[in-house]
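Peer 1: the following block contains a protein sequence and its predicted model.
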Amino acid sequence: MTTRKFVVSALVSALAGGTQMAQATDVFRLEGFGAISRGMGGTAVAHDVGPAGMMTNPATLSLMPDGDQAMIGLDLVTTDITVKNKTTGESVSSETHSNNRGPYVAPEASFTKRIGAWSFGVGAFAQGGLGTEYGNGSFLSAGQDGNPTGLANSSRLLVLNIPFAASFQVTDKLIVGGSVDAMWQGLNLDLLLTTNQVGTLLGAGRVAPATPGTIAGILGQLAFNGTLQGAHFSLTKDQFLGSGVDSWGYGGKLGMLYKASLDTTLGASYTFKSQMNDMEGQARLTAIDDGGNIALDGKIKIKDFQMPAHLDLGISQRLGSQWTVAADVSRVFWNDVMKDIKVSFVHDGPLGDLNILLPQDYKDQTILSLGAAYELNDQLTLRGGFRFATQALRSSTLFAVIPATPRKHLSAGLTYAFSKQAKLDFAYSHAFKETMDNPGVAAGSSNANDPIQVTHAQNNATLNFRYSF
């Protein structure tokens, strides 16, 4: 097999799948795409980051050298997540308890082609996700009376992005670009809500219809009788690639670059809010009662779960023949898409439907990324970067199974050129430990029973191989 055929074959295999999920770092979004961007703090708006540039600013495809290029790679993410019950002192860590938990691996694959003033690209990237696994024996799996239920608490979200991108060199100074992105997302979730949490949701009008003979009515009656210990949702496939619910949709980006001088480039891009269908699948709702658990099977939807729009502005500056520095500022509009997690469950039998709004109320997020690259020689380039984000989550709506809290990252990376055609890129980034408390139901929160404290840190490694031909 020729080198060209081998590279194309590997790209097609990566596009077809072969991934677990990625633990996100900017809430549900990875903090950079491709090892070049990741090694420079996630900067990617105004400098050449290779084929992965189509994920941030498609206009950067025109900064790549002439010729075609293919890239394949992997993200490896390891997390350190601990939840502490501030009332009892108990704690639990997110560990590997089943087939589809960490360490998490995400794909990166792309192909670009230059035709005159045009550059085209197609790729497959994990845009982000989240993942926790607390097992079924911790305090998170206890009913209202503190007794164990044996029911799990876990999560796994994967968002896959398949961009079809193009850029055009309008003048020597101006480049424009855009992409249309096919998107897929899949979710596994095991979540236990205690009686007090269910009651808080009912009292806030977040459960409907709460009438006799419906699921909500039965839960309310059991709670009134004093026998209800909680309710548990399970929509999980315990498989390497399985998701309990999933959906397809689309998104897109627009971008531009302006060469202010020979060494200074300005960039801007806008990623549109995704247009995803509702995630659908089979689920089990278990009412945990002193008289015996009541398991109800049915169909479930996670409605209108979208990835947010964001605006990115960037600048890159060449400093002599060896140094490049870059800075990006991003505004991510989380508040528009994460006010509530909308759950709709329809019983397979006569009990009708149950609709729940789990409050989230995320804040919009501002991110500052700084990066530098030093070309040591023709073979080796070294990189470093820092990334700081404002906090999007609110403590009063924090879920233990959705601890997407890290905000500060330090990164380093390199590129080693085996030849002018073959290059290996590597990056490492560390998300510094972030701590957040949820005050629990006594303070009006439905997303935790007792007050909890969540700490979250993680390490990411990215490895890409690029081949030009």
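Peer 2: Perfect, thanks for sending it.
Peer 1: just give me the neighbour total for the spatially closest residue to Val92 that is not a sequence neighbour.
Peer 2: Nearest residue to Val92, sequence neighbours excluded (C-beta to C-beta, 6 or more residues apart in numbering): Ser138, at 3.6 Å. Every residue, glycine included, has its C-beta placed from N, CA and C. Counted by other C-beta atoms under 10 Å, the residues lying close to Ser138 total 18.
Peer 1: heads up, I number from 702, so please use that
Peer 2: Let's use 702 as the start, then, which means that last one is Ser839.
Peer 1: ok, now how distant is Ser839 from Glu791?
Peer 2: Going from Ser839 to Glu791 by C-beta to C-beta, to the nearest Å gives 7 Å.
Peer 1: try Tyr1129
Peer 2: Counting by C-beta to C-beta, the gap from Tyr1129 to Glu791 is 33 Å.
Peer 1: again with Thr937
Peer 2: From Thr937 to Glu791 the distance is 24 Å (C-beta to C-beta).
Peer 1: try Gly733
Peer 2: 36 Å.
Peer 1: tell me which of those two has more neighbours.
Peer 2: Shown here are Gly733 and Glu791; by other C-beta under 10 Å, Gly733 has more neighbours (34 against 15).
Peer 1: pLDDT score for the residue nearest to the more buried one when sequence neighbours are not counted?
Peer 2: Distances taken as C-beta to C-beta, 6+ apart put Gly743 closest to Gly733, at 3.4 Å, once the chain neighbours are dropped. Looking at Gly743, its pLDDT reads 96.
Peer 1: quick check, Glu796 in a strand?
Peer 2: No: Glu796 is assigned coil when assessed by DSSP: H, G, I helix; E, B strand; the rest coil, not a strand.
Peer 1: what about it, how many neighbours?
Peer 2: 13.
Peer 1: my guess is it contacts Glu834, does it?
Peer 2: Yes: contact criterion C-beta atoms under 8 Å: Glu796 and Glu834 qualify, at 6.0 Å.
Peer 1: can you pull the buried residues of the host helix or strand of Phe1127?
Peer 2: Using DSSP states H and E, Phe1127 sits in strand 1123-1139. Buried residues in strand 1123-1139, counting neighbours by 16 or more other C-beta atoms under 10 Å, are found at Lys1124, Asp1126, Phe1127, Ala1128, Tyr1129, Ser1130, Ala1132, Glu1135, Met1137, Asn1139.
Peer 1: format the residues you listed as JSON lines; extra columns: distance to Arg1088.
Peer 2: Below are the buried residues of strand 1123-1139 laid out as JSON lines (distance: C-beta to C-beta, whole Å):
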{"residue": "Lys1124", "distance to Arg1088": "24"}
{"residue": "Asp1126", "distance to Arg1088": "18"}
{"residue": "Phe1127", "distance to Arg1088": "18"}
{"residue": "Ala1128", "distance to Arg1088": "12"}
{"residue": "Tyr1129", "distance to Arg1088": "13"}
{"residue": "Ser1130", "distance to Arg1088": "8"}
{"residue": "Ala1132", "distance to Arg1088": "9"}
{"residue": "Glu1135", "distance to Arg1088": "13"}
{"residue": "Met1137", "distance to Arg1088": "19"}
{"residue": "Asn1139", "distance to Arg1088": "25"}
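Peer 1: from these, which two are the most distant?
Peer 2: Lys1124 and Asn1139 (45.3 Å; C-beta to C-beta).
Peer 1: may I have stretch 1149-1169 exported as CSV, CA atoms only?
Peer 2: Listed next in CSV are the C-alpha coordinates belonging to stretch 1149-1169 (Å, rounded to 0.1, in the frame of the first residue of the first chain):
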residue,chain,number,x,y,z
ALA,A,1149,-28.1,17.6,45.9
ASN,A,1150,-29.7,16.2,49.1
ASP,A,1151,-27.1,17.0,51.7
PRO,A,1152,-24.6,19.8,51.2
ILE,A,1153,-21.8,18.5,48.9
GLN,A,1154,-18.3,19.7,47.9
VAL,A,1155,-17.0,18.7,44.4
THR,A,1156,-13.3,18.9,43.5
HIS,A,1157,-12.2,18.3,39.9
ALA,A,1158,-8.8,18.3,38.3
GLN,A,1159,-7.6,16.5,35.1
ASN,A,1160,-4.7,15.8,32.7
ASN,A,1161,-5.1,15.8,29.0
ALA,A,1162,-2.6,14.5,26.4
THR,A,1163,-3.0,14.9,22.6
LEU,A,1164,-1.0,13.1,19.9
ASN,A,1165,-1.4,13.9,16.2
PHE,A,1166,0.3,12.6,13.1
ARG,A,1167,0.2,14.9,10.0
TYR,A,1168,1.3,13.9,6.5
SER,A,1169,1.5,16.3,3.6
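Peer 1: for it, give the mean pLDDT please.
Peer 2: Computed over stretch 1149-1169, the mean pLDDT rounds to 94.
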